[in-house]
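# Give me a model of this one.
(chains A and B)
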Amino acid sequence: MTAEKEEKGKYTTVSIPTPLAEKIKKRIEGTGFNSISSYVTYVLRELLANMEEEEEVFSKEDEEKIKERLRALGYLD
Amino acid sequence: MPAPHGGKLVYRVDKSIDTSGIPEIKIDEDMAKDVENIAYGVLSPLQGFMCRNDFENVLEHMRLENDVPWTIPIVFDIEGDLKEGDEVILSAEGGTKALFHIEDIYDYDKKAYAEKVFRTTDAAHPGVKKVMEMKPKLAGGKITLIQEGDERFKKYYLKPHETRILFREKGWREVVAFQTRNVPHMGHEYVQKTALTFVDGIFINPIIGKKKKGDFRDEVILKSYEALIENYYLKERAVMAILRTMMRYAGPREAIFHAIMRKNFGCTHFIVGRDHAGVGNYYGPYDAHEIFNEFPDLGITPIFFRSFFYCKKCGGVVNEKICPHDKEYHVYYSGTAIRKMLINGEIPPENMMRKEVAEIIMSYENPFVD
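From the prediction side, this is the model:
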C-alpha cells in the first residue's frame, strides 16, 4: 500500500445536507479553514471534547489514604 | 474539573513485580522522569512509550492515532538486539525502576522528527541536538513503575491523582496552572493574580530538573515561591507542586504538551506567556499562542499574556491593553537586570521584586547553577 493510500485510510466520508454544506462554504471564506471537511472536523472535535467524562481510577479507601498524605504534607487542614 | 486527557487517568504502578532474571537497561534521569510521568498519569492517556502509529501521527498531525491531541513524541531510543515481545527493566541511577514490555520496534527519520517538532534541523537547537544524538531505532510499549526515584523535594512531588483530590477538597472547580523555571518577580505575580481573579485557585507548577549554567537553582526557586505565597497569597487559593520533566524547547508544540500535563493534574486553565518553551529565535514570540487555535478539543483553556510592565504613571504593573501611557513611563522586567542586581548584593526595587523574595535569593551564597 502506498503512503498516500495509507493516509487516505485515516479518513471517512460523512454526508451532510447540501444547503448546510453551502452555508459552511460561505462561513469559512477568508478564515483559516481550507475546506468544509476541516471545518466540520473542528466543530465535531470541539463538541465531543465537551462531553468527555472522567472514569474513576481509585477506590474510596485509596482516596482516604491520599487525603491523609495531603494532610501530612500540609496541603489540607 | 476536566476529565483527564483521553478520558482516563493512567496509573501504572506495581511495586510487587519480581524483577529477577529480567535484563536491565540503564536510563538517564530525563528518561526516568518520562517513565514516572507515564506511570503516574501526568502523560495520560499514554501508558508507555509510543509505538510507530502514534509516533508518526504525532509528527504529522499533532494527534495520537486515536485522534487525541498530542504534540511531543514520547519515545524510547534503542540499539542492539532487543526484539518485539521482550521485557526489560529500565533502571536509573536515581532509583527509578520500571518494567518495559516492548511491543514495537521501528526505524525513524531524525531529520523529519526534528523538522516537525522543532521546526528546524539546526544542530544548535538543544532539542534538535538531543534528537540527533538518539540511538537508531525506537521501541514502543507499556511500562509499569516498580520503584520511584529519589526526589529532593518530595514534599512538593504531587501526582495527578493527588492534585485532583486536593483541588476537589479545596472546593476549586476552576484552577489555573502557572508554569515556571524562574524565581518570581512582580510581573509574574501580576500575571498569576490577574488569572486567579477569575478562577478558584492557582496551581504554581515549577519545572524541576536539568538546568543551564547561570539559571537559578531549583531550591532557590521553590524557597522564593514559598516566601511569595506565604506573604502575598491566600493560603486557600494557591498550591505549589513541582513538575519533573525535561524541557524540550519545542516552543508552540511544547506549549500544548505543557497544557495537556496540567489538564491531567486537574487544571482548567493554563497561562501561556511570550515565547513559551522557546529558545533563541526559532519561534515567533506568539507562535505558542496561535497553535491553540488548532485544538478545539484540548480540554483546557489557555490564558494568553503578551507583555506586562511597571508603569510609573499608572503606579503599578500593567499590560499593553490597559495602560495608555508612553513607553518612557514603562519599566520592563528583565531577568538579566534583576540577576545583576542580586549578584551585586543589591535588593531590586519593590516594583521589580518582593523584598521577601529577594532576601531569600540573597540568603544563598550561590543561588545560581555552576
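# near chain B, which residues of chain A?
Remark: the part of chain A in contact with chain B comprises A:32, A:42-43, A:45-46, A:48-49, A:52-55, A:57-58, A:63, A:66-67, A:69-70, A:73-76, using C-beta under 8 Å from any C-beta of the partner chain. C-beta coordinates here come from the backbone N, C-alpha and C atoms, glycine included.
# Show me where chain B has its helices.
B:29-39, B:52-61, B:110-118, B:126-132, B:160-170, B:186-196, B:218-232, B:251-265, B:287-290, B:335-343, B:355-362 (DSSP state H).
# residues making contact with the first one?
So the one you mean is helix B:29-39. Outside helix B:29-39, the residues that touch it by C-beta atoms under 8 Å, 6 or more residues apart in numbering or on different chains are B:10-13, B:27, B:42-43, B:46-49, B:74, B:76, B:90, B:92-94, B:96, B:98, B:143-145, B:148-149, B:209-210, B:244-246, B:261.
# follow-up on the earlier one: PyMOL command for the buried members of the residues of chain A next to chain B?
Filtering these down to the buried ones (16 or more other C-beta atoms under 10 Å in any protein chain shown) takes a single PyMOL command:
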select buried, chain A and resi 42+45+49+57+63+66+67+70+73+75
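# List the contacts of B:Leu82.
B:Val88, B:Ile102, B:Ile105, B:Ala139.
# B:Leu158 against B:Ala241, yeah?
Yes. In this structure, B:Leu158 is within contact of B:Ala241 by C-beta atoms under 8 Å, at 4.0 Å.
# neighbour-wise, which of the two wins?
The residue with more neighbours, out of B:Leu158 and B:Ala241, is B:Leu158; 25 against 21, by other C-beta atoms under 10 Å in any protein chain shown.
# Give me the distance between that one and B:Thr121.
Going from B:Leu158 to B:Thr121 by C-beta to C-beta, to the nearest Å gives 37 Å.
# ok, now B:Asp77?
On the measure of C-beta to C-beta, B:Asp77 and B:Thr121 end up 18 Å apart.
# ok now do the closest residue to B:Val117 other than its chain neighbours, which residues does it touch?
Counting by C-beta to C-beta, 6 or more residues apart in numbering or on different chains, B:Val117 lies nearest to B:Ala250, which is 5.3 Å off, once chain neighbours are set aside. The contact partners of B:Ala250, taken as C-beta under 8 Å, 6+ apart, are B:Thr71, B:Ile72, B:Val117, B:Phe118, B:Gly127, B:Phe257, B:Ala277.
# For the last one, give me its contacts.
With contact taken as C-beta under 8 Å, 6+ apart, B:Ala277 is in contact with B:Met247, B:Arg248, B:Tyr249, B:Ala250, B:Gly251, B:Pro252, B:Glu254, B:Ala255, B:His258, B:Ala288.
# What's opposite the residue lying closest to B:His188 once chain neighbours are set aside in the beta bridge?
Take B:His188 and drop its neighbours on the chain: the residue closest to it by C-beta to C-beta, 6+ apart is B:Thr180, 6.9 Å away. Beta-bridge partners for B:Thr180, by DSSP bridges, are B:Pro206.
# Around B:Thr180, count how many other residues there are.
18.
# returning to that earlier point: now the common contact residues for B:Leu158 and B:Ala241.
With C-beta under 8 Å, 6+ apart, B:Leu158 and B:Ala241 have common neighbours B:Phe265.
# just for chain A, where's the confidence low?
Within chain A, the segments meeting pLDDT under 70 span A:1-8, A:55-56.
# What parts of the stretch 101-250 of chain B come near chain A?
Where the stretch 101-250 of chain B comes near chain A, counting by C-beta under 8 Å from any C-beta, the residues are B:Lys155, B:Leu158, B:His161, B:Glu162, B:Ile165, B:Leu166, B:Glu169, B:Lys170, B:Val239.
# Right, I'll call it a day here.
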